[in-house]
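>>> what follows is a predicted structure for the sequence shown.
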Amino acid sequence: MNLHYDTIAAIATPPGIGGLGIVRISGEKAEEIARRLFVPRSPQNNLQSHCLYHGEIVDPRDRSTLDEVLLAVMRHPHSYTGEDVVEIHCHGGFLVLQSVLQAVLREGARMAEPGEFTKRAFLNGRLDLTQAEAVVDLIESRTQKGMSQALGQLKGELSTEIGKIKDDLIELLSSVEAGIDFPEEDLEELSGEMLLSRVDSCSARIQGFLATYEEGRIYREGLCTVIVGRANVGKSSLLNVLLQEKRAIVTEIPGTTRDVIGEIINIKGVPLKVLDTAGLRKATNIVEEEGIKITREKLSEADIVILVLDGNEKLSAEDREIIQELRGKKAVVAINKIDLPQKLPRSEVEKEGLEGQIVEISAKEERGIDKLQEAIFSTAVTQNAEGPSILINRLRHKIALERAGDSLKKTRESIEKEMSPEFVALDLKLALEHLGEIVGETTTEDILDRIFSDFCIGK
Ligand SMILES: Nc1nc2c(ncn2[C@@H]2O[C@H](COP(=O)(O)OP(=O)(O)OP(=O)(O)O)[C@@H](O)[C@H]2O)c(=O)[nH]1
Ligand SMILES: [Mg+2]
């Protein structure tokens, strides 16, 4: 254990009222602080590690009871942070938790910074960096798919795969270095062909991972999906159907929606932030005008656009104008109101030259919604069936893998040009260093700070 860290504390449960709330303390003085505040129901000389004790937290200044609690000590190294950790399970009220936390801080702990518990777990070797990142992903996951990805990463699946590539590169490096150390010996395995094929195999695995990034990122971060169309075509009705909830107001009056309404919808594991917007048309008043302005802003930020058209009407000039605005965007077209007589055949829409799938639906009768979801999913995720099942999902990982890939490309060039083994070794070492960044073996302090500042306090 690294003994020079001070002792930190925070409320680990979310703010608000709940059955329980937990104050967590980690560091050298955690147990000492707890002992000064905790009065067990039955006297204990020693608190055993990983056991729960019933008792009270008492303010040492006036012996007043702050809460009736359960307390657990988890001694190092078998704790989340790898340090001595104490958890005080209090009643889940804001004031109760605050007063217990304040007492802990008065006894010498310092308020923890966001992610500091997990940062310590990393610094003490309990987790590597990909696992620490998986902790945030797990907490923030919004779909089953995102959650299982985070759990796999937390178990170390990504690190294991990166580790395998690293092992191969280390082996390669040692053969190359053998050539540097014993140049006079005829080392058969140093033949260019052989080296090249081993470099290529590592490069291919790195490229395989890189190919999973788009998909991995989408499962983790989700996509911003904007529903657009002219007034009264059924945008809000569609949002409500996708949500299975009467979230947005639906009326037959054009211009009903003014504000942007956003909800998270899970489509086959992809979290979509779906925004229902004001119908795009010539505004009739200043409120609507403002709504349309915001719609255009959201449209420019959208990852995917769902264009809703009214199948009961011919394509209008307004529709065509909106279609023009969607050029270059990933779009899915929903021809709505198929329960009414149809005046807008698919072919009319296809003629407009908008790329993207066209689906006929009825938001009112909930028809074609499965097909629409399928279309949204396949527009969001360009599937990568042949790639590895472990997906990379962070830009940080992607950049490091790209750099490792570049270094291997240079390695390859040096081998092809029959340059001296020192050059080959140099690029191999660089590739190893970049792979090491992913798991946190070669990561700078400011990168660590950036990663852990994404966490909530108490984690
Ligand atoms: N027959 C039929 N009517 C629908 C369908 N979807 C929506 N409507 C009706 O169309 C009208 C407008 O629906 P909304 O969902 O409010 O349309 P919108 O595009 O959000 O309209 P604005 O917010 O005004 O731009 C309402 O009267 C809905 O009941 C559908 O699939 N079939
Ligand atoms: Mg609406």
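Noted; the coordinates are in hand. Numbers count the residues shown, from 1 in each chain. Ligands and ions are numbered 1, 2, ... in the order given.
>>> the residue sitting nearest the centre point of the chain: which element?
The centroid of the chain falls nearest to residue 220 when counting by C-alpha atoms, centre = their mean (3.7 Å). Residue 220 is located in helix 213-221, with elements delineated by DSSP states H and E.
>>> mind listing residues that contact that helix?
The contact list for helix 213-221 (C-beta atoms under 8 Å, 6 or more residues apart in numbering) reads 137, 141, 143, 145-146, 149-150, 269-271, 380-384, 391-395, 397-398. C-beta: built from backbone N, CA, C; applies to glycine.
>>> after it, which helix or strand is next?
strand 223-228.
>>> same for the helix or strand just after that next one, what does it pack against?
In the C-terminal direction, the helix or strand that comes right after strand 223-228 (DSSP H and E) is helix 235-243. Under the contact definition 3 or more C-beta pairs under 8 Å, 6 or more residues apart in numbering; DSSP states H and E, helix 235-243 sits against strand 223-228, strand 261-267, strand 270-276, strand 304-310, strand 330-336, helix 369-380.
>>> can you give me the angle helix 235-243 makes with strand 270-276?
Interaxial angle of helix 235-243 relative to strand 270-276 (axes from the mean of the first three to the mean of the last three C-alpha atoms, to 10 degrees): 160 degrees.
>>> please see if helix 235-243 touches ligand 1.
Yes. Part of helix 235-243 sits near ligand 1 under the criterion C-beta under 6 Å from any ligand atom, namely 235-237.
>>> closest to ligand 2 out of these?
residue 236 (3.2 Å; C-beta to the ion).
>>> ok, and the closest non-adjacent residue to that closest one?
residue 248 (3.7 Å; C-beta to C-beta, 6 or more residues apart in numbering).
>>> in contact with the one you found, which residues?
By C-beta under 8 Å, 6+ apart, the residues touching residue 248 are 236, 239-240, 257, 261, 276.
>>> if we use 6 Å, what do you get?
236, 239-240, 261, 276 (C-beta atoms under 6 Å, 6 or more residues apart in numbering).
>>> among those residues, which pair sits farthest apart?
Farthest apart among these by C-beta to C-beta are 240 and 261. That separation is 9.9 Å.
>>> the longest helix anywhere in the chain - contacts with which helices or strands?
The helix that spans the most residues within the chain, counting by DSSP state H, is helix 157-181. Applying 3 or more C-beta pairs under 6 Å, 6 or more residues apart in numbering; DSSP states H and E, one finds that helix 157-181 contacts helix 192-210, helix 421-439.
>>> re earlier: with respect to ligand 1, which of the helices and strands packed on helix 235-243 lies nearest?
Closest to ligand 1 of these is strand 330-336 (C-beta to the nearest ligand atom; 4.9 Å).
>>> picking that back up, any idea how far ligand 2 is from the nearest residue to the residue nearest to the centre of the chain once chain neighbours are set aside?
Distance criterion C-beta to C-beta, 6+ apart; nearest residue to residue 220, sequence neighbours excluded, is residue 393 at 4.1 Å. In this view, residue 393 and ligand 2 are 33 Å apart by C-beta to the ion, to the nearest Å.
>>> so who does residue 393 touch?
Contact analysis of residue 393 by C-beta under 6 Å, 6+ apart lists 216-217, 220.
>>> now those as CSV including pLDDT?
What follows is the contacts of residue 393, written out as CSV (pLDDT from 0 to 100):
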residue, pLDDT
216, 90
217, 89
220, 89
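>>> returning to that earlier point: most neighbours, which of the residues of helix 235-243 next to ligand 1?
residue 235 (32 neighbours; other C-beta atoms under 10 Å).
>>> does that one really touch residue 229, like I thought?
Yes. Look at residue 235 against residue 229 with C-beta atoms under 6 Å: they come within range, at 5.3 Å.
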